[in-house]
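S.K.: No letters, just coordinates:
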């Protein structure tokens with residue numbers, strides 16, 4: 001697909017795109033400069049409507065990644081610390097142990113009042129085996145729900161906790177681990193998010209501890225059932241990383257998870273996070 005962008009009636013940019021799946025994702029080709037405002041506008045538009053944006057072969061260094069990220073929106077990090085290293089090697093990432101939770105479907109920032117708008121990953125080294133990243137569109141998942149299920153989920157609220165996600169990795173924590181998890185903030189969101197732009201998405205994943213006011217068994221049944229629905233192949237895309245890839249996704253509406261890989265592999269990503277401007281419903 002050739003997408004044309006114009007300004008005051010004058011064409012200024014033609015970008016070629018390829019859909020990653022029928023329901024979500026787009027690969028953008030032919031980007032020569034990340035300094036062009038029209039390129040940034042095109043990326044933001046593609047991100048909004050397709051959820052996942054892939055640009056291959058960019059080979060961004062840290063400074064270039066931060067600059068690109070800031071063109072998409074404010075970066076959630078103090079100056080000089082914008083790059084977060086994603087690795088299971090503790091010598092490269094102090095968060096290596098907690099990153100094991102990313103092997104489960106999740107949305108970032110569910111325990112914050114306002115979620116991050118988008119996340120950018122730049123691939124420095126890909127794993128030889130495994131290590132891909134899966135994405136699933138909760139917009140598409142909601143849009144395709146049968147009407148009786150939409151009514152069933154309407155008005156339900158979910159409590160999200162860090163503990164819920166960590167129990168998937170470590171179901172038998174020590175008292176010290178449990179105390180640490182429980183010191184972190186929790187947050188309640190609508191299961192179905194009515195967004196300012198009129199779209200609806202689902203807020204679920206690893207941090208979804210329970211549905212408020214619903215029995216534990218029924219709560220788990222609903223959350224597991226809806227997660228299985230949302231992560232069907234028809235709503236999903238699996239990205240197999242190549243060095244130099246940059247992938248940006250809409251953190252507010254895309255579930256994502258890393259696929260298993262050997263912790264001793266050289267897999268290394270640089271992550272930047274773009275601030276959001278809409279509170280959870």
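M.R.: Cool, the structure landed. Keep in mind that this is a model prediction, so the values were computed, not measured.

S.K.: residue contacts, the spatially most central residue of the chain?
M.R.: Residue closest to the mean C-alpha point of the chain, counted by C-alpha atoms, centre = their mean, is residue 251 at 3.8 Å. Residue 251 sits next to 107-109, 115-119, 273, 276 when contact means C-beta atoms under 8 Å, 6 or more residues apart in numbering. To be clear about C-beta, it is placed using only N, CA and C from the backbone, and glycine gets the same treatment.

S.K.: For residue 203, see how far away it is.
M.R.: With distances taken as C-beta to C-beta, to the nearest Å, residue 251 is found 11 Å from residue 203.

S.K.: Residue 192 too?
M.R.: Per C-beta to C-beta, residue 192 is found 8 Å from residue 203.

S.K.: anything in contact with each of the two?
M.R.: Going by C-beta under 8 Å, 6+ apart, residues that sit against residue 192 and also against residue 203 are residue 281.

S.K.: which stretches of this protein form helices?
M.R.: Listed in chain order, the helices of the chain (DSSP state H) span 37-50, 62-72, 138-143, 147-153, 162-169, 175-183, 216-230.

S.K.: what does the shortest one contact?
M.R.: Taking C-beta under 8 Å, 6+ apart as the criterion, the residues outside helix 138-143 that touch it are 23-24, 51, 150, 192, 199-204, 226, 229-230, 232, 234-235, 253-255.

S.K.: so who does residue 92 touch?
M.R.: Residues counted as contacts of residue 92 (C-beta under 8 Å, 6+ apart) are 85, 268.

S.K.: Would you list the phi and psi of it?
M.R.: Dihedral angles phi and psi of residue 92 (degrees, to the nearest 10) take the values phi -100, psi -30.

S.K.: Need the overlap of contacts for residue 251 and residue 203.
M.R.: residue 107.

S.K.: May I see the buried residues of stretch 97-105?
M.R.: Residues of stretch 97-105 classed as buried: 99-102, 104-105 (neighbour count, 16 or more other C-beta atoms under 10 Å).
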